[in-house]
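Visitor: sequence-free structure coming up:
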């Protein structure tokens, strides 16, 4: 008889370091030369933070996968109805199409480019149920055939051309009615056995499953349901119950592999349960208890967004669920070393381990102070000749430029250059005195654009290149503005946000520079911002913090341009504006800034580290 060794061999791979790809390494046994141990990659279940939705919301619907989903409708207050939708890429949200009918408590199915939404509640109250159905093609929604029974709070899943809907509320009360969609019209099918609303489920029109829900309008603990039912294409059958009754929860998956999470159970819940087609098993808790959530994906790769954390308390948080050998650490901002200078309106350039910040404003004084950053701490070095704030800055830690800005008695044209040890005046000044202008590039090939040129908010669209000696005027921005963000090089830059006009109007407009002209982008910032921190490249540009209204309305959000569109990213800990930014989108610094009266500290630094993926390894022992 041939033995195992002859068939399979007995070699185990040896690696100098541990494996790093958890997505493909599950079950892989190897020998680590570094630790002198045998190890194996083991899958585990975990929730981790994703990027925030652009606004807090609840009672929305979701369809698609964890890395290509759509969140649609819902409410951002206790009473309004939204027509907006946003697409999630796996790293952040971008703007999607608007529905024809604003609604909440709707159901959804399909993919990011071929979705279906149906039912829900329109204004003015949740008893205004609708039968409207709309398809989504990845950019816009189109009205199609109505449901036979108008309702909200139903379970639903499937594809754009083959979906089911079960239960819900016809207001008042709840119902057991079920329907299937064939791509053209809805057809009544047999009812579920337990009439209820705020249930959820997954699967197809011939193999679906629904679970949970509530059977009275009050949603008291006694009204929460554990019942699970399966549909085989002709009738519904009761199967094993959930371990805990839940309602207003999210689900992801199929009839034989479903996850159910969050919801009311009876208060807002962190619970997760997994269904294998026979029974339910408790899994890993979420980080944030919430109800009235959207949920989509599969049993092993799911996502939930927003929700209600207490009566009237809404959140924008996203959490992602994975059962994998990979360990995912979400991108986050963390506190860094404090600057020596208490100031805002500084310029910054360089990297997170070799940065430079200079100038700024504090205590009614424009500073010339300059500091280097080594990844751990700031060190004071030689001051600029002319103290200034709100100036353009570009370059590296050892070769930088400062141009324009503000110092008594007003806006400047003066330019200075840094050689790594001291500043020297450049005899060739900017053509226009301006503050709140933006600079990108390096000390020998820079770009300066925009700015505020006078009282009352007057702005300029002027653009100049810098060759290390002098400035040359080139094609203007399409939109004149000051306080804008910018990222890139002399020949490839992105300009975004800012203010324009008198009185000032805060913008979302984005433009790209190709070395000769500016082109308006069709993808504006998700929300208007000015006086933000900026860093990165023209295809991976950062906008963090800034003002959304008056100069006293600070924000903490981070929006990332990924080369195609703007998406949400994790927010800073402290809302502020006039921030010095430097680094790249996966490793950046936000230094100083103007906070609220509650958080006036302008010395603070926050450092952003992008999402990382590792591997869940177990050491094999003989015990």
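Guide: Right, received. Where do you want to start? Remember, it's a predicted structure, so these values are computed and weren't measured experimentally. Residues are numbered from 1 along each chain as shown.
Visitor: against residue 573, how distant is residue 564?
Guide: Going from residue 564 to residue 573 by Cβ to Cβ, to the nearest Å gives 28 Å. (Glycine included, C-beta is placed from N, CA and C.)
Visitor: neighbour count winner among those two?
Guide: Legend: neighbour count by other Cβ atoms under 10 Å for residue 564 and residue 573, higher for residue 573 (15 against 12).
Visitor: just say helix, strand or coil for the more buried one.
Guide: Of the three states, residue 573 takes coil under DSSP: H, G, I helix; E, B strand; the rest coil.
Visitor: surely it meets residue 333?
Guide: Yes: between residue 573 and residue 333 a contact is recorded at 5.8 Å, counting by Cβ atoms under 8 Å.
Visitor: any residues in contact with both of these two?
Guide: Shared contacts of residue 573 and residue 333, defined by Cβ atoms under 8 Å, 6 or more residues apart in numbering, are found at residue 606.
Visitor: compute the first-to-last residue distance for stretch 558-570.
Guide: Criterion Cα to Cα, to the nearest Å; first-to-last residue distance in stretch 558-570 is 6 Å.
Visitor: show me where this protein has helices.
Guide: Secondary structure of the chain by DSSP state H: the helices cover 4-8.
Visitor: quick one: low-confidence ranges for the stretch 101-250 of the chain?
Guide: 217-222 (pLDDT under 70).
Visitor: touching, residue 563 and residue 521? I think so.
Guide: No: the criterion here is Cβ under 8 Å, and residue 563 misses it with residue 521 at 10.8 Å.
Visitor: between those two, which is the more surrounded one?
Guide: With neighbours defined as other Cβ under 10 Å, residue 563 and residue 521 compare such that residue 521 has more, 18 against 11.
Visitor: so what's the more buried one up against?
Guide: Residue 521 neighbours (Cβ under 8 Å, 6+ apart): 494, 509, 510, 511, 512.
Visitor: how close does it get to residue 461?
Guide: 16 Å.
Visitor: what of residue 393?
Guide: In terms of Cβ to Cβ, residue 393 sits 20 Å off from residue 461.
Visitor: so for the two, which sits in the more crowded spot?
Guide: Between residue 393 and residue 461, counting by other Cβ under 10 Å, residue 393 is the more crowded of the two (27 against 17).
Visitor: how near is residue 44 to residue 334?
Guide: Noted for residue 44: a distance of 25 Å to residue 334, by Cβ to Cβ.
Visitor: okay, these two: which has more neighbours?
Guide: It is residue 44, of residue 44 and residue 334, that has more neighbours when counted by other Cβ under 10 Å, with 15 against 11.
Visitor: low-confidence regions, this structure specifically.
Guide: Counting by pLDDT under 70, the ranges of the chain that qualify are 1-28, 30-31, 217-222, 550-552, 597-600, 623.
Visitor: quick one, domains of it?
Guide: 4-43, 46-324, 333-337+348-609 (automatic domain parsing).
Visitor: which one of these lies nearest to residue 618?
Guide: Set against residue 618 and scored by Cβ to Cβ, those come closest in domain 4-43, at 5.0 Å.
Visitor: of all the residues in the longest strand seen in the chain, which ones are buried?
Guide: When the chain is parsed with DSSP state E, its longest strand is strand 313-324. In terms of neighbour count (16 or more other Cβ atoms under 10 Å), strand 313-324 has its buried residues at 314, 315, 316, 317, 318, 319, 320, 321, 322, 323, 324.
Visitor: just curious, which of the residues you listed is nearest to residue 132?
Guide: Set against residue 132, the nearest of the buried residues of strand 313-324 by Cβ to Cβ is residue 314 (24.5 Å).
Visitor: got a list of what the closest one touches?
Guide: 56, 57, 58, 76, 77, 306, 307, 308.
Visitor: repeat that with 10 Å
Guide: The contact partners of residue 314, by Cβ atoms under 10 Å, 6 or more residues apart in numbering, come to 55-59, 74-78, 290, 292, 306-308.
Visitor: do you know how far the residue nearest to it when sequence neighbours are not counted is from residue 316?
Guide: Leaving out its chain neighbours, the residue that sits closest to residue 314 by Cβ to Cβ, 6 or more residues apart in numbering is residue 56, at 3.9 Å. According to Cβ to Cβ, residue 56 and residue 316 sit 5 Å apart.
Visitor: give me the common contacts of the two.
Guide: Shared contacts of residue 56 and residue 316 (Cβ under 10 Å, 6+ apart): 76, 306, 307.
Visitor: give me the buried subset of these.
Guide: The neighbour-count test (16+ other Cβ under 10 Å) marks 76, 306, 307 as buried among these.
Visitor: turn the residues you listed into CSV, columns for distance to residue 589.
Guide: Output for these, formatted as CSV (distance: Cβ to Cβ, whole Å):
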residue, distance to residue 589
76, 32
306, 30
307, 32
